[in-house]
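Undergrad: The amino acid sequence is not available; the structure is as follows:
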Ligand SMILES: [Zn+2]
Ligand SMILES: [Zn+2]
């Protein structure tokens, strides 16, 4: 398709936009793997798309799920003085002749025959977090929005499949502000900063560029968020637990907010603090809650938008809000993405947010620049625990006290971020299982479960001293094999994930802890302790030599002991290998006691196993096996206590 010969005045890209474009081009020069670019709301994503479309040699299809986005992206492209087609039933245009086509996914999937010429070399998907990250995850997920989600997934998958049929080396690029899905995790596997984020089978292989929110604010591209603490009234959502899909149930939310006496005081507080402000967005927990809030706001200046608000009515209200005829706009989970009213300078959060990504999306509504606006007040009445700039962690938050902590890998030095706890500066507990660092394949040790990949052939394909910083180099690297928590294979000694069923190295089935317990319970000379506690004592053995005695006891007072010497380097090495590596609450932290006294004093750094199996040799019982991270059929003391 010939390029238009019209001269264009290319809009100036900001430095990070230029970098994003360069990284995408470099990635696709080396690889056909689908890639993701992460840009926060307000960072000018449309301009990045326009520049990529302009530079592409073949034809380009840019997909979005709503017509507003199709229009927005198309308009930015036209700003170059170039022409492009629109394929969207909602916009009453179904053109697919020009080099670049902006389409809505629903219309394109209904007219796929217009796109199967094989001329399309680049497919850009805006708001790509709507695609499922893997088929497995799709089968697992369930929830309110699942139907909707399933529909968009299958349409995107159909478009990709048809375009690929016509052109097998089609490049697929996704753009999003939130590369993460609740209950599922990151939608890409590798990040260009040298770390692993999402699952190995994620559709998008690489994140090739990410602009952090913090940097956008610091460089003045977004307004400063000013979080106000010390609200007099607030809601207590701390007892709610998310459903399996990671979201809170409407019924549970209503249980907290409905008729809550805090509501009138909260609304008064919002009005008071917003006195000299221009636009206020209020995020309510449920529809009933939103209606209650609306009833407490100045009627002539306020409106409510929910998922059930009819389209034309919604457009009218949003237009009135943007025109500042309305000061307060209450909504329930509908204005988190794609909504753009730059004058908003107060964000009031009256709902719990299930992830830092969602929290950032909500706050992001108030960070766009606008004349006369210097900052945005963030009023949180729901005790949301998130640091605005904290990284998202793929694992579910284990409990209310956990926070993101940095844990350096003892093997590759990568600074991992996991859920954990600190005592001052010292990380005393974390929940990381495997290092997320990316290392060159040649350096990864033979030990550890490395899945065989066809990408091995990419090794050595162009490299440089600073290759780790460049896009596309991800293909030469793989995840560091160091495991903080692991299950040892009894056949080959290999370390596996604590949830693995088959050894990643020898392929043997890993012995089920329930089988171990059942076998032990049958034996006369074995005993099984369901551990209720663990004591460390600095003492001496029969010959008066210093020893550390570790005593495990169950609820009935039955005990088993282990003894360790800590006086020589050899003894300490044994202790590290057979005890410390599995008992540390913050594995990999490098902490090692120099004496039995120090070990006993620092017992808070250690965790007890769930079960200990002892065997009788002669007159003595010795610890034969310890089971950690147990999730099987036999109740642990912890679950028994919770149930009883
Ligand atoms: Zn590592
Ligand atoms: Zn094995």
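TA: Arrived safely. All of these numbers come straight from a predicted model, not from anything done at the bench. Ligands and ions are numbered 1, 2, ... in the order given.
Undergrad: helix/strand/coil for residue 71?
TA: Secondary structure, DSSP: H, G, I helix; E, B strand; the rest coil: residue 71 is helix.
Undergrad: what sits against the nearest residue to it once chain neighbours are set aside?
TA: Of all residues not flanking residue 71 in the chain, residue 91 sits nearest, at 6.6 Å (Cβ to Cβ, 6 or more residues apart in numbering). C-betas here are computed from N, CA, C, even on glycine. With contact set as Cβ atoms under 8 Å, 6 or more residues apart in numbering, residue 91 has these partners: 67, 70, 71, 104.
Undergrad: so which two of these are the farthest from each other?
TA: 71 and 104 (9.8 Å; Cβ to Cβ).
Undergrad: next helix or strand past the longest strand along the chain?
TA: Counting by DSSP state E, the longest strand found in the chain is strand 526-540. Next along the chain after strand 526-540, taking DSSP states H and E as the criterion, comes strand 546-554.
Undergrad: Distance-wise, check the residue of the stretch 451-600 of the chain found nearest ligand 1 relative to residue 190.
TA: Using Cβ to the ion, residue 480 is the residue of the stretch 451-600 of the chain that sits closest to ligand 1, at 3.0 Å. The gap separating residue 480 from residue 190 is 12 Å, by Cβ to Cβ, to the nearest Å.
Undergrad: Name the residue in these two with the higher neighbour count.
TA: Taking neighbours as other Cβ atoms under 10 Å, residue 480 and residue 190 compare with residue 190 leading, 28 against 25.
Undergrad: Grab the most central residue of the chain for me.
TA: Centroid-nearest residue in the chain: residue 394, 3.8 Å away (criterion: Cα atoms, centre = their mean).
Undergrad: ok, and the closest non-adjacent residue to that one?
TA: Nearest residue to residue 394 in three dimensions, chain neighbours excluded: residue 185, at 4.0 Å (Cβ to Cβ, 6+ apart).
Undergrad: okay but that neighbour is in contact with residue 199, surely?
TA: Yes. Residue 185 is within contact range of residue 199, at 6.9 Å (criterion: Cβ atoms under 8 Å).
Undergrad: Specify the residue positioned farthest from the middle of this protein.
TA: Seen from the C-alpha centroid of the chain, the residue lying at the greatest distance (Cα atoms, centre = their mean) is residue 543, 54.7 Å away.
Undergrad: Need the pLDDT of that one.
TA: As predicted, residue 543 sits at a pLDDT of 89.
Undergrad: same thing with the one 10 residues further on?
TA: Residue-level confidence at residue 553 comes out at 94, pLDDT.
Undergrad: so how many other residues sit close to the nearest residue to it once chain neighbours are set aside?
TA: Counting by Cβ to Cβ, 6+ apart, residue 559 is the residue found nearest to residue 553 once chain neighbours are left out, at 4.6 Å. Neighbourhood size, residue 559 [other Cβ under 10 Å]: 15.
Undergrad: ok now do residue 559, which residues does it touch?
TA: 529, 551, 552, 553.
Undergrad: Kindly recompute the last result at 10 Å.
TA: Residues in contact with residue 559 (Cβ atoms under 10 Å, 6 or more residues apart in numbering) are 529, 533, 535, 551, 552, 553, 612, 614, 621.
Undergrad: Same question for residue 177.
TA: 38-43, 45, 127, 129, 211, 213, 337, 357, 360-361, 364.
Undergrad: follow-up on the earlier one: which of the contacts of residue 559 lies closest to residue 329?
TA: When these are compared against residue 329 (criterion: Cβ to Cβ), the nearest one is residue 533, at 54.2 Å.
Undergrad: ok, for that closest one, nearest residue in space, not its chain neighbours?
TA: Excluding its sequence neighbours, the residue lying closest to residue 533 (Cβ to Cβ, 6+ apart) is residue 553, at 5.5 Å.
Undergrad: So which residues on this protein come close to ligand 2?
TA: Within the chain, the positions near ligand 2 by Cβ under 5 Å from the ion are 489, 491, 492, 494, 503, 505, 506.
Undergrad: pretty sure the last one contacts residue 492?
TA: Yes. Counting by Cβ atoms under 10 Å, residue 506 does reach residue 492; the two are 4.1 Å apart.
Undergrad: list the helices and strands the host helix or strand of residue 251 packs on?
TA: Assigned by DSSP H and E, residue 251 belongs to helix 250-257. In terms of contacts (3 or more Cβ pairs under 10 Å, 6 or more residues apart in numbering; DSSP states H and E), helix 250-257 is packed against helix 262-273, helix 287-296.
Undergrad: Now render the ones you listed as CSV, adding mean neighbour count and distance to residue 516.
TA: Output for the helices and strands packed on helix 250-257, formatted as CSV (neighbours: other Cβ atoms under 10 Å; distance: least, Cβ to Cβ, whole Å):
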stretch, mean neighbour count, distance to residue 516
helix 262-273, 18, 51
helix 287-296, 19, 50
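Undergrad: Report the secondary structure state of the residue nearest to the centre of the chain.
TA: At residue 394 the chain is in coil, as set by three-state DSSP.
Undergrad: thought it was touching residue 196?
TA: Yes. Residue 394 is in contact with residue 196 according to Cβ under 10 Å; the separation is 9.5 Å.
Undergrad: Return the set of residues that bridge with residue 188.
TA: residue 204 (DSSP bridges).
Undergrad: Now do the same for it: its pLDDT.
TA: pLDDT at residue 188 comes out at 91.
Undergrad: residue contacts, it?
TA: Contact analysis of residue 188 by Cβ under 10 Å, 6+ apart lists 33-36, 38, 128, 133, 174, 176, 179-180, 196-199, 202-208, 474.
Undergrad: 8 Å instead, please
TA: With Cβ under 8 Å, 6+ apart, residue 188 has these contacts: 35, 36, 179, 197, 198, 202, 204, 205, 206, 207.
Undergrad: correct me, but the fifth one touches residue 185?
TA: Yes. Taking Cβ under 8 Å as the contact criterion, residue 198 and residue 185 are neighbours in contact, 5.5 Å apart.
Undergrad: So for the two, which sits in the more crowded spot?
TA: Using other Cβ under 10 Å as the criterion, residue 198 and residue 185 rank with residue 198 on top: 26 against 21.
Undergrad: Okay then, goodbye and thanks.
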